[in-house]
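> Sharing a sequence plus its predicted fold:
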Amino acid sequence: MKPPGIFVGLVMKTPLIIMNNIFHLAQQCLTESNLDKKILLSLNAKKIILDRKISFDLFNVDLESLKPGRPEKPVLITPKDVPRRNIQTIEGRAAMIHSFAHIEFNAINLAWDLICRFQNMPEEFYFDWTQVAAEETKHFNLLRNNLNAIGYDYGDFSAHDGLWTIADKTKHDILLRLAVVPRIMEARGLDVTPNLIERFRQIKDFETVAILEVILEEEIGHVLIGTKWYRYICDKLNQEPEEKFRKIVDEFLPSTTTKKINHKARLKAGFTQAELDYLAPN
């Protein structure tokens with residue numbers, strides 16, 4: 001019989017302690033800096049939470065000091081200093097895959113941060129974002145395994161912290177967080193991924209193509225969850241969602257309106273036609 005609170009599915013020198021409070025568990029997943037432990041915690045947190053073996057009692061979290069745990073590598077640099085890579089070479093292809101893995105690593109942290117930071121939402125909110133955290137963890141593992149197969153690992157290249165910088169700017173406002181992270185930043189992945197898939201198909205890297213196709217399909221669902229809860233908060237605050245979204249876009253990413261967008265994927269992710277017309281005017 002398993003002792004309560006201890007996960008023993010994998011052999012580790014130090015057992016992973018799993019709390020039965022969802023907010024404490026999310027904090028544990030977020031702040032763990034050992035990469036392998038973090039991934040294991042995230043996968044097992046999903047099972048515990050979605051099996052409904054969890055409490056929703058409020059848990060005291062120091063929100064001002066709350067930040068994600070990270071391994072020592074990758075070294076973080078500014079976005080402008082990230083070198084451009086030629087995916088025709090093995091190293092360039094690995095660097096590109098590494099950049100995808102880094103986005104997914106940040107996405108794991110973003111989902112757990114959302115759960116433990118905002119503790120006054122319906123239980124369905126936490127089940128939704130737990131599913132997102134689990135799928136982001138799956139995406140990271142797929143990409144990391146792909147890197148390993150060509151002789152590299154996560155941390156072998158530098159990376160930037162732009163996505164978490166945005167998360168930090170929205171940490172005090174759940175409406176802002178839901179508008180900016182899933183509906184602006186992550187939705188850009190829906191726009192750019194089809195072109196990336198085609199680039200890897202052209203060099204006959206069908207393993208990466210298959211992974212990116214899985215990620216694209218599941219990220220539509222993640223953005224849809226963001227849209228769902230964004231509109232829920234707008235309704236609670238008597239905010240008109242389309243008008244509010246336009247204001248947030250203008251504040252956080254005014255250049256978005258100049259970029260090509262994936263209309264089909266964004267419609268599936270819950271965007272209205274009026275929002276798409278604003279983001280990409282003819």
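Happy to help now that I have it.

> neighbours around Asn120, how many?
A total of 7 residues lie near Asn120 under the criterion other Cβ atoms under 10 Å. Placement of C-beta: from N, CA and C, glycine included.

> what's near enough to touch Thr227?
Applying Cβ atoms under 8 Å, 6 or more residues apart in numbering, we find Thr227 in contact with Pro182, Arg183, Ala269, Gly270, Phe271.

> Sticking with the nearest residue to Phe140 once chain neighbours are set aside, tell me its helix or strand.
Nearest residue to Phe140 in three dimensions, chain neighbours excluded: Glu104, at 4.0 Å (Cβ to Cβ, 6 or more residues apart in numbering). In the assignment (DSSP states H and E), Glu104 maps to helix 90-117.

> The residue nearest to Phe140 is in contact with His139, isn't it?
Yes. The criterion here is Cβ atoms under 8 Å, and Glu104 meets it with His139 at 4.4 Å.

> Look at those two and report which has more neighbours.
Per other Cβ under 10 Å, whichever of Glu104 and His139 has more neighbours is His139, with 24 against 21.

> wait, the more buried one sits on Glu218?
Yes. Here His139 lies in contact with Glu218, judged by Cβ under 8 Å, at a distance of 7.2 Å.

> rewinding a little: which other helices and strands contact the helix holding Glu104?
Secondary-structure packing of helix 90-117 (3 or more Cβ pairs under 8 Å, 6 or more residues apart in numbering; DSSP states H and E): helix 22-31, helix 35-50, helix 123-149, strand 159-160, helix 162-169, helix 187-202, helix 206-236.

> number of nearby residues for Glu198?
The tally of other residues near Glu198 (other Cβ under 10 Å) stands at 11.

> Next, name the residue at the spatial heart of the chain.
The residue lying closest to the centre of the chain (Cα atoms, centre = their mean) is Ala107, at 1.9 Å.
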